[in-house]
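Asks: attaching a predicted model along with its sequence, questions to come.
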Amino acid sequence: MAINVKEYMNKHLRSLITAFGLFIFTVSIGLIGFSTIENLNFVNALYMTVITVGTVGFTEVQELSPAGRVFTSVYILMNLGLFAYVVSVVSSYFFEGKLNSIFKNYRSGMEISKLRNHVIVCGYGRNGSRAAEELDKNGQPFVIIDNDPDIQHQIPERMKWFVGDATVDDNLKTVGIERAAVIIITTPSDAANVFITLTARHLNENIRIIARASSSETESKLFRAGANKVVMPDALGGLFMAQLITKPIVIEFLDLLNGVSGTSYHLEEVGYDVLKADYKDKTLKDLNIPTNTGVTVIGVKDNIKGLIPGPGADTFIGEDDYLIVLGSDSQLKSFIEQYTVLRYHR
């Protein structure tokens with residue numbers, strides 16, 4: 001059964017509070033019993049209570065009466081299991097990391113509440129984990145939501161996460177669906193992905209939805225539900241493997257573009273809004289990017305014409321346009337620092 005962070009914290013805090021309450025309860029019984037039956041003052045009654053609960057066997061403050069011995073015997077038997085339970089609960093918090101886990105949950109919840117224009121990743125399986133790694137590598141703020149309570153042990157410390165069912169409206173609201181810019185839906189259930197898509201679109205009309213599908217039938221349903229993009233990993237994987245045979249050089253080049261071939265080449269997109277003022281509203285010839293940095297401009301996303309692969313030197317870069325560039329780490333760093341207001345990180 002899925003639980004959210006608040007429920008998770010309450011569950012574990014409840015056991016600690018219960019243990020503390022039982023400890024206070026048994027100490028109170030001891031204080032009242034020894035004070036009433038043996039007529040001891042508070043300090044002596046507390047002393048007798050502690051050595052009895054702790055079963056340490058120190059000297060009694062006075063010879064116990066028959067009634068006091070009966071009470072002490074019953075009191076010891078009562079505390080055998082209770083004291084062991086209290087010790088096990090308390091020790092688990094300090095030695096098994098539960099206290100640290102609760103703190104991490106609380107801190108993660110506070111950080112999530114501050115997110116704006118972030119990405120929500122639904123599901124931390126094979127696809128979700130890869131998506132999270134890429135977002136993290138590029139410095140994109142995001143939060144992961146998954147219904148597996150053990151998710152906290154799988155996700156790196158630096159990532160924000162939330163345990164809960166993404167098909168529940170309140171859980172999506174908790175991870176900031178109304179403030180988010182994009183939601184990536186990667187759960188293994190097509191039905192759940194369609195439902196999450198419907199819910200996300202209802203809660204945030206402007207959010208960009210990227211969803212996973214395992215069949216063409218689900219793909220069409222996801223688009224009808226409001227998805228902007230639908231990815232079919234199984235189909236893409238099969239196509240990729242076939243093209244390794246039919247178009248091996250093309251695939252090798254695509255690997256180079258995606259930076260997964262073991263080389264230091266990467267693709268980057270740079271928007272008009274992050275260009276320095278001196279480089280706005282100019283043609284590619286005016287920018288002279290390859291000569292100055294070694295970076296190759298392989299495409300331009302024009303706000304009117306759309307995507308332009310292999311743009312010519314007279315291609316104008318204006319408002320809402322994007323440059324798609326390819327280069328090594330050092331070349332991209334030089335380009336980013338010279339032409340934009342950003343800082344390069346990889």
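Replies: In hand now; what should we look at?
Asks: mind listing what Phe42 touches?
Replies: By CB atoms under 8 Å, 6 or more residues apart in numbering, the contact set of Phe42 is 31, 35. C-beta: built from backbone N, CA, C; applies to glycine.
Asks: so how far is Val27 from it?
Replies: Going from Phe42 to Val27 by CB to CB, to the nearest Å gives 12 Å.
Asks: ok, now Val119?
Replies: 51 Å.
Asks: so what's Ala211 bridging to?
Replies: Bridge pairing for Ala211 (DSSP bridges) gives the partners Ile185, Val230.
Asks: pretty sure it is touching Asn193, no?
Replies: Yes. Ala211 is within contact range of Asn193, at 5.2 Å (criterion: CB atoms under 8 Å).
Asks: which neighbours do the two have in common?
Replies: Shared contacts of Ala211 and Asn193 (CB under 8 Å, 6+ apart): 185, 222.
Asks: Ile183: what secondary structure?
Replies: Following DSSP: H, G, I helix; E, B strand; the rest coil, the label given to Ile183 is strand.
Asks: is it correct that it is in contact with Leu203?
Replies: No. Ile183 sits out of contact with Leu203 when judged by CB under 8 Å, with a separation of 9.7 Å.
Asks: out of the two, which sits in the more crowded spot?
Replies: Between Ile183 and Leu203, Ile183 has the larger neighbour count (other CB atoms under 10 Å), namely 30 against 15.
Asks: which residue packs closest to that one, ignoring adjacent ones?
Replies: Distance criterion CB to CB, 6 or more residues apart in numbering; nearest residue to Ile183, sequence neighbours excluded, is Ile120 at 4.4 Å.
Asks: I'd assumed Leu172 was in contact with the one you found.
Replies: Yes. Between Ile120 and Leu172 there is a contact under CB under 8 Å: 7.5 Å.
Asks: got any residues that touch both of these two?
Replies: Common neighbours of Ile120 and Leu172, counting by CB under 8 Å, 6+ apart, are Ile145.
Asks: can you report how many residues neighbour Val53?
Replies: Neighbours of Val53 under the rule other CB under 10 Å: 21.
Asks: over to Val56. Which of the three states is it?
Replies: Val56 is classified as coil under three-state DSSP.
Asks: that one and Val70, how far apart?
Replies: Where Val70 is concerned, Val56 sits at a distance of 21 Å (CB to CB).
Asks: what does Ser215 give?
Replies: The value you get for Ser215 to Val70, if CB to CB is used, is 74 Å.
Asks: next one: phi and psi at Cys122?
Replies: Here is the backbone geometry of Cys122 (degrees, to the nearest 10): phi -90, psi 110.
Asks: after the longest helix anywhere in the chain, which helix or strand is next?
Replies: Looking across the chain with DSSP state H, the single longest helix is helix 5-37. Downstream of helix 5-37, the first helix or strand assigned by DSSP states H and E is helix 42-53.
Asks: now do stretch 131-151: distance to the chain's middle.
Replies: Computed by CA atoms, centre = their mean, to the nearest Å, the separation of stretch 131-151 from the middle of its chain amounts to 4 Å.
Asks: swap in stretch 324-342?
Replies: Computed by CA atoms, centre = their mean, the separation of stretch 324-342 from the middle of its chain amounts to 29 Å.
Asks: buried ones in it?
Replies: By 16 or more other CB atoms under 10 Å, the buried positions in stretch 324-342 come out as 324-327, 331-336, 339-340.
Asks: before we move on, what about stretch 230-248?
Replies: For stretch 230-248, by 16+ other CB under 10 Å, it's 230-232.
Asks: may I have it exported as CSV, CA atoms only?
Replies: Below are the C-alpha coordinates for stretch 230-248, written out as CSV (Å, rounded to 0.1, in the frame of the first residue of the first chain):
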residue,chain,number,x,y,z
VAL,A,230,4.3,10.1,-26.0
VAL,A,231,7.3,7.9,-25.9
MET,A,232,7.2,4.2,-26.6
PRO,A,233,10.5,2.8,-25.2
ASP,A,234,9.9,-0.8,-26.4
ALA,A,235,9.3,0.3,-30.0
LEU,A,236,12.2,2.7,-30.0
GLY,A,237,14.5,0.0,-28.6
GLY,A,238,13.5,-2.5,-31.3
LEU,A,239,13.9,0.2,-34.0
PHE,A,240,17.3,1.1,-32.7
MET,A,241,18.6,-2.5,-32.6
ALA,A,242,17.4,-3.0,-36.2
GLN,A,243,19.1,0.2,-37.4
LEU,A,244,22.3,-1.0,-35.8
ILE,A,245,22.3,-3.4,-38.7
THR,A,246,20.6,-1.4,-41.5
LYS,A,247,22.2,2.0,-40.7
PRO,A,248,25.2,1.4,-38.4
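Asks: residues making contact with it?
Replies: With contacts defined as CB under 8 Å, 6+ apart, stretch 230-248 is touched by 127, 210-216, 219, 222-223, 250-251.
Asks: just checking, which of these belong to strands?
Replies: Those of these mapping onto strands are 210-212, per DSSP state E.
Asks: out of those, which is nearest to Leu22?
Replies: Closest approach between the ones in strands among the contacts of stretch 230-248 and Leu22, by CB to CB: Arg212, at 47.7 Å.
Asks: kind regards, and thank you for your time.
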